[in-house]
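J.: coords please:
(chains A and B)
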2 protein chains.
Amino acid sequence: MAARNAFYAQSGGVTAVINTSACGLIEAARARPDHIGKVYAGRNGIIGALTEDLIDTSRESDADIAALRHTPAGAFGSCRYKLKSLEENRAEYERLIEVFRAHDIGYFFYNGGGDSADTCLKVSRLSAQLGYPLQAIHVPKTVDNDLPVTDVCPGFGSVAKYVAVSLREASFDVASMAKTSTKVFVLEVMGRHAGWIAAAGGLAADDDCPIPLLILFPEVAFAPDRFLARVDALVREHGYCSVVVSEGVRDAGGSFLSDQGLRDAFGHAQLGGVAPVVANLIREGLKLKYHWAVADYLQRAARHIASATDVEQAYAVGRAAVEFALTGRNSVMPAIVRLADDPYRWKIGEAALEEVANREKKMPPEYISADGFGITPACRRYLQPLIQGEDYPPYARGLPSYVRLRNTPVEKKTGTTFALK
Amino acid sequence: MAARNAFYAQSGGVTAVINTSACGLIEAARARPDHIGKVYAGRNGIIGALTEDLIDTSRESDADIAALRHTPAGAFGSCRYKLKSLEENRAEYERLIEVFRAHDIGYFFYNGGGDSADTCLKVSRLSAQLGYPLQAIHVPKTVDNDLPVTDVCPGFGSVAKYVAVSLREASFDVASMAKTSTKVFVLEVMGRHAGWIAAAGGLAADDDCPIPLLILFPEVAFAPDRFLARVDALVREHGYCSVVVSEGVRDAGGSFLSDQGLRDAFGHAQLGGVAPVVANLIREGLKLKYHWAVADYLQRAARHIASATDVEQAYAVGRAAVEFALTGRNSVMPAIVRLADDPYRWKIGEAALEEVANREKKMPPEYISADGFGITPACRRYLQPLIQGEDYPPYARGLPSYVRLRNTPVEKKTGTTFALK
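T.: Take a look at the predicted model:
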């Protein structure tokens, strides 16, 4: 069998370890030149395929590809561009096949979350319909941790570690200041639809390091009075408390707390930020001094404090994608299979994309404590292994040495252009 | 000479390494039982002395004291409590001497910023007036980096490293997303009066790692139109840009940008947060997608990414304080003296408190680039060594092992109480 080329693209919000998966994938492909020719990457994700803007990763040195392992964010660029359904815009899928055909691409590796798993499946089906031989393999990635089948999504463990470490540190800070100054610290974290990241804040406290803290989950309708009563009780008992709030918290009416209608002096709506809203409630309701932080991109880009477990898994799913390709698989995704909680043991399994696409893994209700403000022991058993181990990047002059690739374009061959919708 | 006891207190906002100074000080004191009896710490800073709420640090194990070296925040509690002038409230100073006398305290170590240096000096003067033998030694600490004489203030280097690392990481993130999504990332950092911390954001970009970024300093009046024009130009040229904004940025009229009069839906004033104000301007003025983060306590508590240089210096000033005490010094502060920029060499020097108290080190104007949005090579030469080296804390189960001390109270002896004003 003649070697065919591969196409790899990064999709959606990036993570601290999506490049680690790229590293595993490209290194594995380079080791099998008998089967895989060049790995072309989409510049800015799938848009790069649609516009035939491909990057020739064979132009990168082995050292630079190895450095992807410790470099956060998307080295080839990502995009938020959801392909429509086959019925709505079949032309997009046909264009992908046209570009793949022009560059003799036999392997389609798509590194993303639920939407990209769905795209991957559709591309696989259409290529079969069109008689174009293509193996479509999805590589899991999302800080939201909402892909089914897999025990965890690469990217989540590192965000979880960042949030747990940061909340522990800030809680030590507020505890120091509480006598005369700040008594409540509020940290806003990502997770618009599910409380996985907020739950990770719960790991900041444990038996060895008790911290009075409350978690506001998107799964639990926010009840201001009950919340303030809990803050008040914790501050009375411990002198301080910390609050981790998911950006997706909603009030009883279902509206995002962050869309509370803040206006600036000119009457412009002020977007985003649930932490200041919660902090303001504490000030108004309890007259307590507070500080608040919004971690935003810092949390998902924080490669400096990545979870070693997450890094290993991200690398492993990249490698496994190539191994799946070499053994003829199609429409599949490497998944993390948990074998044991403590000590954590896991292996790579195989998930059919039909089982992955368009299914969201919710936080199980039994992971949230009865009062709605904390995590249960079961949740802790699930989360704890995912933040284990440190995997520090190399440093130069006090800063992490993250690689920037050359990203050399591949000569266009289709002779046609394609207008993005 | 009989050994006398020492009093140590932490003052004001805590840092990632103020406990490192405590560690250096207590370890040095334990090594000289011939001169120093017990080290008593003030519970919650100087308030602990005024209320005779002392902590007996001799009850802590050597291992726990050693662990202070890698534990952020204030292990004995800090406070925001500024003693009034001698004229206004001489009783406060007399009370301190009363407590010191009752516990045979011959050494007063005060670990803080400019206000505490001033207090330290006054205590020293009053004890001389009252004929009470006391050596008062100030131990420098402040993330604001505004103490004079010393090359740098312990605590600043670690915040600087956190901000530079975080901004580099988030900039990689926004660069990945810029094609179809976020084009501007705004990070708010501390520094109400001086732009030292914001300046550190400039280190995120260097010759090896160019990043289009703008810094908003409190030293430069904010000009919205000029700022938006620069954001627009950078996004046009590079596809994205990052902005680091000091919490202390003011408009041309001298008002804090963060006090822009935000109101929530109920008409309550919304306090704090200049990042959302700047982000909103970008949205209104340029229609660009943005993300913003507010680091707040995360930046000064981030012991997990502390600068090794900062840790060494924080430890060294703690040790030096004891050495100064043993050689009979009074009304002094150990200072960091820079011997060379690159490779950075430094030593401990001695600063008279008269030279330290009530003098603020401003950022030199020549550290800000001519356009007001960046740092100069001179500023980079100053800052770069301060973030050098990593000093990771130990981890257990994926989280840093920070120590919590027993903080055993010392039996009260004065028989009197004191009401705090």
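J.: ok, residues contacting the helix or strand hosting residue A:299?
T.: Applying DSSP states H and E as the criterion places residue A:299 in helix A:297-301. Residues outside helix A:297-301 that contact it (Cβ atoms under 8 Å, 6 or more residues apart in numbering or on different chains): A:13-16, A:72-73, A:143, A:155, A:158-159, A:162-163, A:166, A:189-190, A:197, B:166, B:169-170, B:172-174, B:185, B:187, B:291, B:293, B:295, B:298. All C-beta atoms are positioned from the backbone trio N, CA, C, and that covers glycine.
J.: residue most distant from the centroid, chain A?
T.: residue A:180 (38.9 Å; Cα atoms, centre = their mean).
J.: hang on, it packs against residue B:81?
T.: Yes: taking contacts as Cβ atoms under 8 Å, residue A:180 lies within contact range of residue B:81: 5.5 Å.
J.: please enumerate the strands of the stretch 201-350 of chain A.
T.: A:213-216, A:241-246, A:290-294, A:332-341, A:344-352 (DSSP state E, counting those that start in this stretch).
J.: which residue ranges of the stretch 151-300 of chain A form helices?
T.: Here the stretch 151-300 of chain A has its helices, by DSSP state H, counting those that start in this stretch, at A:156-177, A:196-201, A:224-238, A:275-286, A:297-301.
J.: could you give the number of residues near residue A:133?
T.: Residue A:133 has 12 neighbours, counted by other Cβ atoms under 10 Å in any protein chain shown.
J.: residues in contact with it?
T.: A:106, A:127.
J.: up against chain B, what does the stretch 1-150 of chain A have?
T.: Neighbours of chain B within the stretch 1-150 of chain A, by Cβ under 8 Å from any Cβ of the partner chain: A:10, A:13-14, A:16, A:44-45, A:47, A:71-75, A:77-81.
J.: tabulate the strands of the stretch 201-350 of chain A (a markdown table), appending distance to residue A:28.
T.: A markdown table is the format used below for the strands of the stretch 201-350 of chain A (distance: least, Cβ to Cβ, whole Å):
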| stretch | distance to residue A:28 |
| --- | --- |
| strand A:213-216 | 39 |
| strand A:241-246 | 36 |
| strand A:290-294 | 38 |
| strand A:332-341 | 11 |
| strand A:344-352 | 12 |
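J.: any idea which of these is most buried?
T.: strand A:241-246 (a mean of 28; mean count of other Cβ atoms under 10 Å in any protein chain shown).
J.: returning to that earlier point: just the buried ones from the contacts of helix A:297-301?
T.: Buried members of those, scored by 16 or more other Cβ atoms under 10 Å in any protein chain shown, are A:13-16, A:72-73, A:143, A:155, A:158-159, A:162-163, A:166, A:189-190, A:197, B:166, B:169-170, B:172-174, B:185, B:187, B:291, B:293, B:295, B:298.
J.: go ahead and confirm residue A:12 touches residue A:112.
T.: Yes: the pair residue A:12 / residue A:112 is scored as a contact, 5.0 Å apart, by Cβ under 8 Å.
J.: identify the contacts common to these two.
T.: Common neighbours of residue A:12 and residue A:112 (Cβ under 8 Å, 6+ apart) are A:141-142.
J.: ok, the residue nearest the centre of chain A - contacts?
T.: Centre of chain A computed as the mean C-alpha position; nearest residue by Cα atoms, centre = their mean is residue A:143, 2.2 Å away. For residue A:143, the contact set (Cβ under 8 Å, 6+ apart) comprises A:13, A:15, A:153, A:155-156, A:159, A:190, A:197, A:299-300.
J.: need the max-distance pair from those.
T.: Spanning the widest gap among the contacts of residue A:143 are A:153 and A:299, at 14.8 Å by Cβ to Cβ.
J.: what residues does the stretch 301-421 of chain A put near chain B?
T.: A:301-305, A:307, A:309, A:384, A:386-390, A:392, A:395-402, A:404.
J.: rerun at 10 Å
T.: Residues of the stretch 301-421 of chain A lying close to chain B (Cβ under 10 Å from any Cβ of the partner chain) are A:301-305, A:307-309, A:342, A:383-390, A:392-393, A:395-404, A:420.
J.: could you list the domains of chain A?
T.: Domain ranges of chain A: A:4-141+A:305-358+A:390-400, A:156-301, per automatic domain parsing.
J.: those domains: lowest mean pLDDT?
T.: When the domains of chain A are compared on mean pLDDT, domain A:156-301 scores lowest, with a mean of 92.
J.: end to end, how far does that one reach?
T.: The first and last residues of domain A:156-301 sit 11 Å apart, counting by Cα to Cα, to the nearest Å.
J.: quick one: it to chain centroid distance?
T.: On the basis of Cα atoms, centre = their mean, to the nearest Å, domain A:156-301 sits 21 Å off its chain's mean C-alpha point.
J.: check stretch A:96-112 too.
T.: Centre to centre, stretch against its chain (Cα atoms, centre = their mean), the figure for stretch A:96-112 is 24 Å.
J.: now do that stretch: distance from first to last residue.
T.: The first and last residues of stretch A:96-112 sit 17 Å apart, counting by Cα to Cα.
J.: ok, stretch A:234-246 next?
T.: Stretch A:234-246: ends 20 Å apart by Cα to Cα.
J.: and if you look at stretch A:176-194?
T.: 32 Å.
J.: residue A:321 against residue A:141, yeah?
T.: No: the criterion here is Cβ atoms under 10 Å, and residue A:321 misses it with residue A:141 at 11.3 Å.
J.: what residues do these two have in common as contacts?
T.: When contacts are counted by Cβ atoms under 10 Å, 6 or more residues apart in numbering or on different chains, residue A:321 and residue A:141 have A:21, A:110-111 as shared neighbours.
J.: show me which of these is closest to residue B:325.
T.: Looking across those and measuring by Cβ to Cβ, the closest to residue B:325 is residue A:21, at 55.9 Å.
J.: other SSEs contacting the strand or helix carrying residue A:99?
T.: For residue A:99, the host element (DSSP H and E) is helix A:90-102. Under the contact criterion of 3 or more Cβ pairs under 10 Å, 6 or more residues apart in numbering or on different chains; DSSP states H and E, helix A:90-102 touches strand A:4-10, strand A:36-42, helix A:46-50, strand A:105-112, helix A:114-129.
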